[in-house]
Structures are given as C-alpha cells and as structure tokens.
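Chemist: Curious how this folds, go ahead:
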Amino acid sequence: MLTQKVIFWGQLCLLAAGLSLGSVEAHADGDLRKVNHVVVIMMENHSFDNYFGALPYASHGPYHRCKGRVEGDHRCVDGLTCTGSGSSLNCTNSNPDENGNPVSSFHDPRLCTGSDMDHGWVGSHFEANWMSPISTIVSTPNNGFILRNDVSFPDVQPTDHDTMGYYTGDDLPFYYGLAETFGIDDRYFCSLIGPTFPNRAYLIAATSFGHVSTSEDIPPIPAGYRPITGTIYDLLDKYGVSWIDYYSDVPTSIDARPFLSNNLAPITQFATDAAAGNLPQVAYVDPNFGFLVPADESDEHPPSDIRKGQYLISQIVAAVRNSPSWKDTVIFITYDEHGGTYDHVPPPRARQAGALNPDGISPGQCADLSNPPESELPGGGYNCAASQGAVAELCPDFTPTGPFPRDCPNFNQYGFRVPLIAVSPFSKRHYVSHTVGDHTSIDAFIEKRFMTTTTALPHPAMTLRDANALTLEDMFDFTRSPSLNSGVPAAPAPDPSDPGCTPD
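Modeler: Sure, this is the predicted structure:
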C-alpha cells in the first residue's frame, strides 16, 4: 500500500512539474546553467513588513511604494503605507487592540526586542483571521496580531504591541544595502501559517509530513526524520550534486541526516572554502541558534540582537564576493517564518496543483519512514503528539487517523511574507520581483539547475509543492551578469550597548 502511494505521488509530482514549469514560469534572461554555486541562508522569525516595510521610503533609495497594478514595475515595493522618509515615517497600517482601538505600525528602535511573540500553528491562524482562524483559506485580513499576542502573553507589556514594530535602513544598513543593490522579492512567503520546524521542513523536504509544531524538532536518532517522499539532500546525492551544511552550533540538516556525515562542516570553514574556490555546488549556512551557548545566538530570533545576525551574514556574503566563485554564485538570504510580527499581505493559496497538501499527509496526521510499518500510516509518524494537539485546538472534529475535516486548515495556503534577498553577479540591479514564491522555490531553483540535462525539461521534485513552485528566475540576468562588479556594504558589529540590548 505504501509503495503504491509513493509511486502515485511521485508520478503526480512529475506530471505537475511538466504542466507548470515553462508555461507559467517567471521569465529568466539567459541560461540558468551558468550558475555553479547556490548558497542558502535561512535566519529566524521576521516578516517582510517588520524588516522591509519601510524600504520604499529609504532616503535616496531606488524604490517607491507600489500603487495599483505592479506588472512591469520592478522599482516598487509592497511595503507599509506611510508618509515621510527614512526613519521619520507615519504609517497607517494597524491592528485593533483589546479595546477595539487601532495600533499603527511604528518604528521600533530596539535591536533586541521584547519576549518572543506567538507564531505557533494556532496563534498564527488567529493572527491571520481573528474572528475565524479556521477560515484563513477563504479570508485572511491579518487582523489578529495584537489580540492574539495579548492572549498569549497577558502579563508582558508591551509584547502584544511589539508585533507592529518595523525597522529601517538605519537599523539594518547591511540588509538595506543589499536590497537596494541586488534583488528582493516582495511576494515571497514562508511555506505554511505556523512556526519554525514545519517551515524549515519545507526547505528540506517540500512538506512538513504532517508536523505543525516546533516542539517536534527533535528527530529520531540517529538517522533523523525520513519523509516518505524524500528530502532535497536525497535528491542532491542521487544526482551527484556536491553539498555541505556549514553549521554554527546545530546543523539544520540534522532533522533528516545523521549528525556525523561528510556533508557537515563548521561555519568557520566557509570562508576558507570560498577563498580557495572550493565551495560545493549547494551550500547551506546555519547561524548560531543559541542551543549550546545562548549568548552566542546569531539567528536574529527575538530577543537576540539582530545586529549580530546581520554581521554574520555580512561575513558570509563578503567571503563569496571576494572569492573565485563570485562570478557564478547565487546567494539566497531568507527567514523561516514571521515570528509573530505583523505583515499586511494576505497569504495566498499554495501552488500545488489544487491539492489540500503536497504529499497526501494532512496536519497532525504525521507519517514518515522512521519506524516502519506503523510510522508509514497517517497518524503514526514519529513525535507527532504536539501537532495533533494543536490541530485539535483549532478543529475539534480532528482525529489523528480518520478523514481530515474539510473545513479545517490544511497545507494548501502559504504563511506570511518573509524577506528574500538574492545576492549574485546575476542579480538584476535595484530589482523587486513580485513573483509568488515560498521556501520550496529555492528547492525548485536547485533542482532545475543541477538535476536536469537541460533547463527546458521538467526538474525532479519531492512533492507537489516544489514541483509547482516558481523558481524566481526573473530576479536574474544570466547573460549580462549586471551585478558582477557591485560591491557589498559593510555591517556594524554587534555591541552590548545596542539599543534594547543592555541588560537590566
């Protein structure tokens, strides 16, 4: 039964890839195969509006706010609605508080914010639709950010209002410098309305195979989770694509691979490999998640200093920019999910051929190959109790093994927008893409580049999600390399006196 299911979904994935790629793919200038290295950096917990909502108002910047139709306008950014410029903005985007009063988006000068905000499966759906969190696929007004955080953190002030804060180029000079020099996408969404682990699982496997909770980010030992439809690591190995996960404290790849492998290297080795021209074809770079030494955390997860993460990424980018591999490298910088911070754009339906989920596995009905045969069955997957509880909290009719309720949220909607910066000599200068993508777009980009003999053929895929994902190639010009000679800005080093970071 399982074998039949895997074959069926594999065939369906390839069929979907053949139907979707090429006919609706974003336009690319030149030959993608000129890319020989892809570097993927995924940071933590910030929405697009939180980081780049003020980008169209940056003083002397190349961008403006989008108004009306955006087709063909790649200098407009769909950010916050504000008047003014620089750090002196008056923004009208708002969410109601518990008294029904609107709280507008505001400039938060603190580089270390308050406590973590709600970004769980349940909380995020309430943030998306306060009155009907199970109906986000129908209506996503993004109106519950303050109200939900007030419920989740009733004794912490002003945590419920922190969600409406945003940063400017004065706070994030390196990121704004990259965004204004290279390319960004203002329609890039995380992969589901929920937290870290399931969203990072989509980058690894183009599915979370039923998981919706980060508390389940402890994989089976020693092999890690084994999604039925495989992982991007499996595809890289199958097609002979070299790859390394450069990690700081804990490698992301541990979720699906043994800790001791030839595909791991300490992050300190990245600059050495870059300088020697020895970067793999695909490099994943992990920040410090603070698991071993909390003070070393550099992933930008609240309440850690976001300047520490910005400084780390500046070192990675500079290492590539000054290396022999710069001429044929693409660096993708993104964030796993919104972290409870506000964004005004409603998440659209996911591109997966109209299916409710990418692999036949609904939320809370986890399935994998970690402990066959029980774990192969819906609801039998390893370590799924927290997901089952979260799904049942939204959907009382949910059962771990029965038919999934049709009126409950499934995996057919993207999560909130998160930043995506594409740094490359191929990046179009001062370019804003409005192409809809998610974390599986990065997978599809890698699959299309390294796993076909010609980019005209459908690329291999893990699930319906990466089979149908747009590869965001409109951000690049592979013929002229317009950013080949572009420099990268410097980033200020973190300091204990950074605003909001001084211990009480």
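
Chemist: Where do the helices of the stretch 201-350 of the chain begin and end?
Modeler: For the stretch 201-350 of the chain, applying DSSP state H, counting those that start in this stretch gives helices covering 232-238, 268-275, 306-321.

Chemist: quick one, the last one and helix 268-275 angle?
Modeler: For helix 306-321 against helix 268-275, the angle by axes from the mean of the first three to the mean of the last three CA atoms, to 10 degrees is 30 degrees.

Chemist: And helix 306-321, what does it pack against?
Modeler: Helix 306-321 sits against strand 37-43, helix 173-181, helix 268-275, strand 329-335, with contacts defined as 3 or more CB pairs under 8 Å, 6 or more residues apart in numbering; DSSP states H and E. For the C-beta atoms, the positions are set from N, CA and C on the backbone; glycine is no exception.

Chemist: at 6 Å instead, please
Modeler: helix 268-275 (3 or more CB pairs under 6 Å, 6 or more residues apart in numbering; DSSP states H and E).

Chemist: Could you check how far the helix it packs on is from the centre of its chain?
Modeler: Mean-position distance between helix 268-275 and its chain equals 25 Å (CA atoms, centre = their mean, to the nearest Å).

Chemist: For it, name the packing helices and strands.
Modeler: Going by 3+ CB pairs under 6 Å, 6+ apart, helix 268-275 lies up against helix 306-321.

Chemist: Of all the residues in the helix it packs on, which ones are buried?
Modeler: By 16 or more other CB atoms under 10 Å, the buried positions in helix 306-321 come out as 306-314, 316-321.

Chemist: Mind listing residues that contact that helix?
Modeler: With CB atoms under 6 Å, 6 or more residues apart in numbering as the test, helix 306-321 has contacts from 43, 111, 174, 271, 274, 285, 287, 298-300, 326, 329, 423, 488, 491, 493-494, 498.

Chemist: filter those residues to the buried ones?
Modeler: Buried by 16+ other CB under 10 Å: 43, 111, 174, 271, 274, 285, 287, 298-300, 326, 329, 423, 488, 491, 494, 498, out of the contacts of helix 306-321.

Chemist: Which of those fall in strands?
Modeler: 43, 285, 329, 423 (DSSP state E).

Chemist: what's the most distant pair in these?
Modeler: M43 and T329 (18.8 Å; CB to CB).

Chemist: dump the residue contacts of the spatially most central residue of the chain.
Modeler: By CA atoms, centre = their mean, the chain has its centre lying nearest to D336, at 3.7 Å. Residues near D336 by CB under 6 Å, 6+ apart: 42, 44, 196, 199-200.

Chemist: go on, D443?
Modeler: By CB under 6 Å, 6+ apart, the contact set of D443 is 206, 232, 466.

Chemist: And it, how close does it get to Q413?
Modeler: 18 Å (CB to CB, to the nearest Å).

Chemist: what do you get for G61?
Modeler: The gap separating G61 from Q413 is 32 Å, by CB to CB.

Chemist: Sketch out the low-pLDDT regions of the protein for me.
Modeler: Along the chain, segments meeting pLDDT under 70 span 1-27, 154-160, 503-504.

Chemist: quick one on the thing from earlier: against S486, how distant is the residue nearest to the centre of the chain?
Modeler: From D336 to S486 the distance is 27 Å (CB to CB).

Chemist: before we move on, what about G123?
Modeler: G123 sits 40 Å away from S486, going by CB to CB.

Chemist: now T163
Modeler: According to CB to CB, T163 stands 34 Å off from S486.

Chemist: Who has more neighbours out of these two?
Modeler: Taking neighbours as other CB atoms under 10 Å, T163 and S486 compare with T163 leading, 30 against 16.
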